[in-house]
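1. coords please:
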Amino acid sequence: MPDQGAPACSLCLFHPVCGAAATAAATAPAGTRLRPERLSLRAGDYVVRQGRPALTVYPLRTGSAKQVYESPLGWRQVTGFSLPGDVLGLEPHEAPQHGAAAIALQDSEVCAVPVESLRELMAAPAFRIAALAVMRRNAERERVLLVAVGSMKAPQRLAMLLLDLAGEQARRHGRQDSTLTLAMSRADIASLLGLTLETVSRLLSRFASVGLIAVRQRRLRIIDSAGLASIYADLDGGAQRPAREGDPGAEFAPAMAMCRGPAS
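-> Residues are numbered from 1 along each chain as shown. Model (predicted):
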């Protein structure tokens with residue numbers, strides 16, 4: 001994740017119609033201007049709760065959050081991470097209830113936009129196009145994650161996540177920056193990727209030892225993005241058979257093959 005300290009109003013779906021933005025105040029029709037309430041959150045606070053009525057959406061201004069699904073049987077699964085500019089609680093197909101919880105990963109600030117205001121804005125073609133583009137992008141990232149968890153080996157999953165976070169940072173800020181701030185815990189990463197905490201920690205150490213990344217506390221720097229991409233693509237062909245997490249050495253095979261290089 002990028003550094004979460006600066007507000008991300010310019011990345012927000014509602015920026016063109018937000019009365020707090022000078023450009024929006026000058027250009028948006030008077031009937032569509034928003035004056036959203038701002039809410040401060042502490043790490044661990046719920047932004048939305050699963051199963052509660054979807055009455056409000058929450059653009060994330062600063063900080064970060066995770067989405068957590070709780071099954072009727074009681075187990076919990078992290079299903080995604082949100083960055084500044086994302087809209088928490090935005091339900092596809094106008095679902096009446098929140099399908100997952102959103103929980104702040106660090107001290108954060110959100111704006112509160114009533115669903116009624118969102119529905120009114122959706123009547124404007126430009127806003128509707130932008131909102132649908134956001135939903136399509138979110139759906140595509142969810143599909144990629146589903147494929148990764150369902151059919152890829154452990155190192156592929158972790159490489160996919162790191163490349164995805166770096167790609168999101170580049171898309172949002174218009175520049176390549178190899179340094180990420182991982183506001184989520186390794187346990188959250190493990191839950192998202194369907195791995196164990198021990199496997200995630202071991203893989204991060206292995207990626208660092210072969211020169212793909214450098215990790216210092218929650219700061220992670222990608223040194224060799226091409227190397228991560230080769231692991232994600234599984235260029236040794238091992239992705240044809242999904243490996244069980246406990247297969248001896250399976251999670252390190254792509255990284256080790258890449259590091260060996262051509263035979264001398």
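2. toward the C-terminus, what is the element adjacent to whichever strand or helix holds residue 40?
-> Per DSSP states H and E: residue 40 is located in strand 37-41. Next along the chain after strand 37-41, taking DSSP H and E as the criterion, comes strand 46-48.
3. what are the buried residues along stretch 207-215?
-> 207-208, 210, 212-213 (16 or more other C-beta atoms under 10 Å). All C-beta atoms are positioned from the backbone trio N, CA, C, and that covers glycine.
4. distance from the chain centre to stretch 152-167, please.
-> 12 Å (C-alpha atoms, centre = their mean, to the nearest Å).
5. can I get the CA coordinates of it in CSV?
-> Output of stretch 152-167 as CSV, limited to C-alpha atoms (Å, rounded to 0.1, in the frame of the first residue of the first chain):
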residue,chain,number,x,y,z
MET,A,152,-2.3,-20.9,-8.0
LYS,A,153,0.6,-21.9,-5.7
ALA,A,154,1.5,-19.9,-2.6
PRO,A,155,4.3,-17.8,-4.1
GLN,A,156,2.2,-16.9,-7.1
ARG,A,157,-0.5,-15.6,-4.8
LEU,A,158,1.8,-13.4,-2.8
ALA,A,159,3.6,-12.1,-6.0
MET,A,160,0.1,-11.3,-7.4
LEU,A,161,-0.8,-9.3,-4.3
LEU,A,162,2.4,-7.3,-4.2
LEU,A,163,2.2,-6.5,-7.9
ASP,A,164,-1.5,-5.6,-7.6
LEU,A,165,-0.7,-3.2,-4.7
ALA,A,166,2.2,-1.6,-6.7
GLY,A,167,-0.1,-1.3,-9.7
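6. before we move on, the earlier item: now, which of the buried residues of stretch 207-215 sits nearest residue 65?
-> The nearest member of the buried residues of stretch 207-215 to residue 65, counting by C-beta to C-beta, is residue 213 at 23.8 Å.
7. and the closest residue to the closest one other than its chain neighbours, what does it touch?
-> Excluding the flanking residues, the one nearest residue 213 by C-beta to C-beta, 6 or more residues apart in numbering is residue 207, at 4.8 Å. For residue 207, the contact set (C-beta atoms under 8 Å, 6 or more residues apart in numbering) comprises 155, 158-159, 213, 228, 255.
8. please apply the same query to residue 13.
-> Residues near residue 13 by C-beta under 8 Å, 6+ apart: 59, 87, 127, 130-131, 134.
9. any chance of the buried residues of stretch 207-215 in CSV, with pLDDT and distance to residue 166 too?
-> Output for the buried residues of stretch 207-215, formatted as CSV (pLDDT from 0 to 100; distance: C-beta to C-beta, whole Å):
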residue, pLDDT, distance to residue 166
207, 97, 13
208, 96, 16
210, 96, 18
212, 96, 12
213, 96, 10
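10. biggest separation within those residues, which pair?
-> Farthest apart among the buried residues of stretch 207-215 - using C-beta to C-beta - are 210 and 213, which lie 9.2 Å from each other.
11. put the alpha carbons of stretch 105-123 into PDB.
-> These are the backbone C-alpha positions of stretch 105-123, laid out as PDB (Å, rounded to 0.1, in the frame of the first residue of the first chain):
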ATOM      1  CA  LEU A 105      -6.500  -1.000   9.300                       C
ATOM      2  CA  GLN A 106      -5.100   2.200  10.800                       C
ATOM      3  CA  ASP A 107      -6.300   5.600  12.000                       C
ATOM      4  CA  SER A 108      -8.400   6.800   9.100                       C
ATOM      5  CA  GLU A 109     -10.900   9.400   7.900                       C
ATOM      6  CA  VAL A 110     -13.900   8.800   5.800                       C
ATOM      7  CA  CYS A 111     -16.700  10.900   4.400                       C
ATOM      8  CA  ALA A 112     -20.400   9.800   4.800                       C
ATOM      9  CA  VAL A 113     -22.600   9.900   1.700                       C
ATOM     10  CA  PRO A 114     -26.300   8.800   2.100                       C
ATOM     11  CA  VAL A 115     -27.300   6.100  -0.400                       C
ATOM     12  CA  GLU A 116     -30.200   8.400  -1.400                       C
ATOM     13  CA  SER A 117     -27.700  11.000  -2.600                       C
ATOM     14  CA  LEU A 118     -25.800   8.300  -4.500                       C
ATOM     15  CA  ARG A 119     -29.000   7.200  -6.300                       C
ATOM     16  CA  GLU A 120     -29.700  10.800  -7.300                       C
ATOM     17  CA  LEU A 121     -26.200  11.200  -8.700                       C
ATOM     18  CA  MET A 122     -26.500   7.900 -10.700                       C
ATOM     19  CA  ALA A 123     -29.200   9.600 -12.800                       C
END
